[in-house]
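Chemist: quick one: sequence and predicted model below, then my questions.
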Amino acid sequence: MKKLLLLFFLFSIGIYYPQVNIEQIKKDVTDNPQKFYYDNLEIFKTNPKLLNQEQLNYIYYGNNYVDYGFKRAEFNDNLNKITDFSNRNISFKKASEVLEKAKILYQKNPLSKELLLDLQKLYLKVKNEEKADFHFSQYWLLYQTIINSGTGKLDVSPLAVTNFSDQIIALESSKVFVRGLTFTTKVLPDGSWLNIYKNGQDLFFIIMFHHKDFYKDDK
């Protein structure tokens, strides 16, 4: 009963920890990557709406504890070219050509939110709304995974991300993301970064967990 009263008190004043248990995800994915990561990733690639939030957490955060399987610099260079075309008013033929290149990148990294949005735009350009909706649904599930990871209002309940670009996604959900924004960073004992964003009296907290190979060369 005391524990229930404590939980009620914490929730009533807005103090609670994020639902994402990074240490447990790290342990499970490291010990059994097939069960906790790759099996869920396969569902994500075929029927993502079947995944519950816990499974999505294992995909998004668990990606930190498996091998990239590609060179990041090379992937990002190719992705930038795809994005450049997906944002243009291009012909059906050109869109089809770029789409084939985007599909190759997708096989390497189906969790790239930028790529998922590119695929949505390209499929719309070739008049395939079903595929466009499919990739947007993948993007939306990953977006919700970030937004559901915490409140961002306190340092004990930050939104949790795994890369720099996803911090923008997290920030866009806050009221601090306007002119005058400043931030400071704290490196935590586990190596993650707690970024504290401030705008006037408003604070917003985002924690970033790095990929295990983040500091390794792509060579």
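Modeler: Looks like it came in fine.
Chemist: only C-alpha atoms for contact and neighbour calcs from this point on.
Modeler: OK.
Chemist: three-state assignment of residue 149?
Modeler: Secondary structure for residue 149, judged by DSSP: H, G, I helix; E, B strand; the rest coil, is coil.
Chemist: tell me how far it lies from residue 157.
Modeler: 8 Å (Cα to Cα, to the nearest Å).
Chemist: now residue 180: phi and psi?
Modeler: The phi/psi pair for residue 180 (degrees, to the nearest 10) reads phi 100, psi 0.
Chemist: kindly report the domain assignment for the protein.
Modeler: Listed by automatic domain parsing, the domain ranges of the chain are 12-65, 72-146, 150-208.
Chemist: looking at those, which is nearest to residue 216?
Modeler: With Cα to Cα as the criterion, residue 216 lies closest to domain 72-146 of the domains of the chain, at 10.5 Å.
Chemist: on that earlier part again, Throw the domains of the chain into a markdown table and include mean neighbour count, mean pLDDT and distance to residue 215, thanks.
Modeler: As requested, the domains of the chain are exported to a markdown table (neighbours: other Cα atoms under 10 Å; pLDDT from 0 to 100; distance: least, Cα to Cα, whole Å):
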| stretch | mean neighbour count | mean pLDDT | distance to residue 215 |
| --- | --- | --- | --- |
| domain 12-65 | 17 | 88 | 12 |
| domain 72-146 | 17 | 96 | 11 |
| domain 150-208 | 17 | 89 | 12 |
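Chemist: need the ones you listed in a markdown table with distance to residue 214, can you?
Modeler: Shown next, in a markdown table, are the domains of the chain (distance: least, Cα to Cα, whole Å):
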| stretch | distance to residue 214 |
| --- | --- |
| domain 12-65 | 9 |
| domain 72-146 | 10 |
| domain 150-208 | 10 |
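Chemist: which residues in the chain form strands?
Modeler: Under the criterion DSSP state E, the chain carries strands at the ranges 159-161, 182-187, 193-199, 202-208.
Chemist: pipe the ones you listed into a markdown table and attach distance to residue 116 per row.
Modeler: Formatted as a markdown table, these follow (distance: least, Cα to Cα, whole Å):
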| stretch | distance to residue 116 |
| --- | --- |
| strand 159-161 | 17 |
| strand 182-187 | 29 |
| strand 193-199 | 26 |
| strand 202-208 | 21 |
